[in-house]
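Colleague: using only what follows, build the 3D model:
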Amino acid sequence: MARTLPAARSDTTSRAGTIIFLHIGKTAGSTLRKVLHRNVPRAQTLLVQTPQRRDTLRPRREGTVEAFARMPEDVRARAKLVEGHVIFGIHRFVPGPSTYITVLRDPIALAVSQYRYVVRTPGHRLHDMVTSGSMGLEDYVRSGISLEVDNSQTRAISGDVSAPFGGCSEAMLDAAKRHIEEHFAVVGLTERFDESLVLMGRMFGWKRLSYVPVKVAPASAEPIPDHVRRLLEEQNRFDLALHRYAGERFQRAVEDLPSFEADLRRFRRRNAVYRRLGGMVHTVPQRLHTAIKRGRAVASTGT
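Modeller: Purely as a prediction, here's the structure:
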């Protein structure tokens, strides 16, 4: 069983054993990874990923537990940070103690963000399918081609790899909640990202928490029609319940920590300076890299 740390401890990363970052897409995870890399040596960081199979619409993250289990034991043992778009279950193959961290996001915002990412990313496996038929958000959700808009967070934290589109259940939600209680040191929230970082800093003794947002999607002024919002709410009802549950747990955690609000204010003052100075160092190269990557994807598809 993975070890869950008490809410008020300040263990260093080494004492925490292996930290598994369960990165759910479109939850500010790329920004968090930058912070993690500044606190955990790269030599002790292990990225787990699997290739996307073209003969299935299931997310490639579902193969990460098996991929991790196949790695040599000495490779798995060296890692103090295991990261990637993974699902729950990796801890079973970590030699020694481990704990998970993750960040959850409002499920409606997450689903919309995922759809818009597909539309603007030529290299995405669903891009041609969506854009060739000018598939709107409602049609995209109803089509069933993307499990990422069907309780994606419950699926990942429950560790499910078999439920079809529309097949999530109360049992999966219960499993996700149980896993959080038994195996997760921190479940942060995208909507409370600064607080999530400060909580992780207190939990693991991390000091270098400042960040510049990366891979931030351009804002859209297009409103979501009420009937589409209702569709998303019904389709993601288990994620909505999980997000509420995680929010209540998060609030209790920060209230239990002495001087948390003072720490948060100090962090935000430092981070405001860091973001002004770090924009040229981080944001401009990232935008250039993204533009080059998209250009290559367009060229490879011949569009």
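Colleague: what's the separation between Glu83 and Ser30?
Modeller: Taking CB to CB, to the nearest Å as the measure, Glu83 and Ser30 are separated by 11 Å. (C-beta placed from N, C-alpha, C; glycine too.)
Colleague: okay, the two: which has more neighbours?
Modeller: More neighbours surround Glu83 than the other of Glu83 and Ser30, with 23 against 15 (other CB atoms under 10 Å).
Colleague: ok so that one is a strand residue?
Modeller: Yes. Assessed with DSSP: H, G, I helix; E, B strand; the rest coil, Glu83 lies in a strand.
Colleague: for Arg237, which non-adjacent residue is spatially closest?
Modeller: Distances taken as CB to CB, 6 or more residues apart in numbering place Asn151 nearest to Arg237, at 7.7 Å, with adjacent residues excluded.
Colleague: touching, the one you found and Phe238? I think so.
Modeller: Yes. Counting by CB atoms under 8 Å, Phe238 is a contact partner of Asn151 at 4.5 Å.
Colleague: now list whatever residues contact both of the two.
Modeller: Cys168, Met172 (CB atoms under 8 Å, 6 or more residues apart in numbering).
Colleague: quick one: which of these two has more around it?
Modeller: Ranked by neighbour count (other CB under 10 Å), Asn151 and Phe238 place Asn151 first, with 30 against 22.
Colleague: point out where the chain drops to low pLDDT.
Modeller: 1-15, 54-55, 221, 279-303 (pLDDT under 70).
Colleague: follow-up on the earlier one: contact partners for the residue nearest to Arg237?
Modeller: The contact partners of Asn151, by CB under 8 Å, 6+ apart, come to Pro107, Cys168, Met172, Gln235, Asn236, Arg237, Phe238, Asp239.
Colleague: nearest to Phe68 among those residues?
Modeller: Of all the contacts of Asn151, Phe68 sits closest to Met172, with 21.5 Å by CB to CB.
Colleague: quick one: the helix or strand hosting that closest one to chain centroid distance?
Modeller: Met172 belongs to helix 170-183 when assigned by DSSP states H and E. Offset of helix 170-183 from its chain centre (CA atoms, centre = their mean, to the nearest Å): 17 Å.
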